[in-house]
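**Q** Fold the stuff below for me.
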Amino acid sequence: MSRFIRAGLPALFGLLTIVYGVQSIADGFQAIGPTPVEVVRTGLVPLLIGAALVLAGLAIGHRSRLGYALGLSVTALMVVAGIGVVVAEVPYLQQGGLSASLGGGVMVLAGLWILFWLLYGRSMRGARASFAPTWQAGDRRMGIVLAALAIFSTGAYFGLGIVDANAVANESADQAEAAQLVIGTSIEVNVIDVRTSPGSEVGTSLPIEHLTLEISISGTTPYLLATAPRLCLTDVATFEDPAHKPDVFCWGAPDPSPAIAAAFADLTVSTDRRSFRLDLARGRSLCPFMAGVWNAALQLTPQLRATPGGGVGPVPESYTTWTHFTVASATAIPPDEAIGSCLAETVSP
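**A** Numbering: from 1, shown residues only. The predicted model follows:
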């Protein structure tokens, strides 16, 4: 095996590993879920391994004493990596079926990988006489660079791990604080006017066609919001249905959320009661809600980072508080028995 191949193989695999690390970081920033620190920490490992392999290839190319030692070290590491892959595939072989077939193929490739690097190591040992017999000044400089790379990589990896752990802890604390703020937020609903469809007889259970409501909102602690609140009106049965989707089955036209956004233009929930009136028609609502016990669900997104001592969570979480209220009038009397969720009437089994 020529000098070019002995030096070029570690450098080539190093460059490929660096490309993989850069690509993993780029993909991580576009993914939903991992934090930026976690993405960088994960991609840092292949970047540093690739840099070490490139440096090893340079040292081998100079035929230095350190280059010879690095060539044998690269051989050992590559063989150990191949053995690790073989061991990792053993459970898949035990499962049988498709997993065993794929695992068997991976083990064959890992075996070829191990054989390849054993031949590489044999070539390095055979070329020992072509390397410098003693340590040179260049070996010392390359050793310092490799040691600095190892120290930096270790410190950066564990340092970023500490930063990420602290960020996760802060985010958990933020979410707990936000949830408590929303729990402490009260919503009251007073029914001003109720109308059913024209021609309804007194006492009949017909869909509600029009509601005028007065909504009052206050918090036990003042806080800022990341976005305007959203309101969803349903009957209680629909609200408690596990299949309920607020963006689909909420009652009322026009959408009451813009009116609430106008009432909360300052994006602040205060301890003072804030009241506003909604004049809503059924519109195109999928649910023919009748008179009875309804639910008003208010979605709130506290912005903790904008408050003194607030957290550092990258994305504010939304939480929901709700209250029940009764819809009844002379022409819309609540039934004696509970009415089932409207989802049964609008969704096919």
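
**Q** Where does pLDDT dip in this protein?
**A** Counting by pLDDT under 70, the chain shows low-confidence ranges at 1, 3, 33, 198-205, 305-315, 330-333, 335-341, 343-349.

**Q** quick one, helices of it?
**A** 3-30, 36-61, 65-95, 97-126, 137-183, 236-240, 246-249, 257-263, 343-346 (DSSP state H).

**Q** Present those as CSV; the columns should include distance to residue 289.
**A** Just so you know, the C-beta spots here come from the backbone N, C-alpha and C atoms, and that holds for glycine as well. What follows is the helices of the chain, written out as CSV (distance: least, C-beta to C-beta, whole Å):
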stretch, distance to residue 289
helix 3-30, 42
helix 36-61, 45
helix 65-95, 52
helix 97-126, 50
helix 137-183, 25
helix 236-240, 8
helix 246-249, 10
helix 257-263, 18
helix 343-346, 11
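
**Q** now these as TSV including mean neighbour count and distance to residue 288?
**A** Output for the helices of the chain, formatted as TSV (neighbours: other C-beta atoms under 10 Å; distance: least, C-beta to C-beta, whole Å):
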stretch	mean neighbour count	distance to residue 288
helix 3-30	16	44
helix 36-61	20	48
helix 65-95	17	52
helix 97-126	15	50
helix 137-183	14	30
helix 236-240	19	11
helix 246-249	15	11
helix 257-263	15	22
helix 343-346	14	7
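
**Q** And these: which comes nearest residue 296?
**A** helix 236-240 (9.2 Å; C-beta to C-beta).

**Q** for that closest one, packing partners?
**A** strand 292-300 (3 or more C-beta pairs under 8 Å, 6 or more residues apart in numbering; DSSP states H and E).

**Q** Tell me how far the strand it packs on lies from the chain's centre.
**A** 28 Å (C-alpha atoms, centre = their mean, to the nearest Å).

**Q** Then stretch 179-199?
**A** A distance of 33 Å separates the centroid of the chain from that of stretch 179-199, by C-alpha atoms, centre = their mean.

**Q** ditto for stretch 77-95
**A** 30 Å.

**Q** Ok, which of the helices of the chain comes nearest residue 192?
**A** helix 257-263 (14.4 Å).

**Q** I'd like to know which of the helices of the chain is closest to residue 302.
**A** helix 137-183 (4.2 Å).

**Q** Could you list every helix and strand in contact with the closest one?
**A** By 3+ C-beta pairs under 8 Å, 6+ apart, helix 137-183 packs against helix 36-61, helix 65-95, strand 319-327.

**Q** returning to what we had before: to residue 282, which of the helices of the chain lies closest?
**A** Across the helices of the chain, residue 282 has its closest neighbour in helix 246-249 (12.6 Å, C-beta to C-beta).

**Q** got a list of contacts for that closest one?
**A** Here helix 246-249 makes contact (C-beta atoms under 8 Å, 6 or more residues apart in numbering) with 230, 232, 234, 238, 285, 286, 287, 297, 299, 342, 343, 346.

**Q** Name all residues that make contact with residue 317.
**A** Contact analysis of residue 317 by C-beta under 8 Å, 6+ apart lists 174, 175, 178, 301, 302.

**Q** Look up how far residue 28 lies from it.
**A** Noted for residue 317: a distance of 22 Å to residue 28, by C-beta to C-beta, to the nearest Å.

**Q** now the helices and strands packed on helix 137-183 in TSV, with distance to residue 272?
**A** Listed next are the helices and strands packed on helix 137-183 as TSV, based on distance: least, C-beta to C-beta, whole Å:
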stretch	distance to residue 272
helix 36-61	39
helix 65-95	61
strand 319-327	17
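
**Q** I'd like to know which of those lies nearest to residue 136.
**A** That would be helix 65-95 among those, by C-beta to C-beta, at 6.7 Å.

**Q** quick one on the thing from earlier: out of the helices and strands packed on helix 137-183, which is closest to residue 15?
**A** helix 36-61 (6.5 Å).

**Q** Which neighbouring elements make contact with that closest one?
**A** Using 3+ C-beta pairs under 8 Å, 6+ apart: helix 36-61 touches helix 3-30, helix 65-95, helix 137-183.
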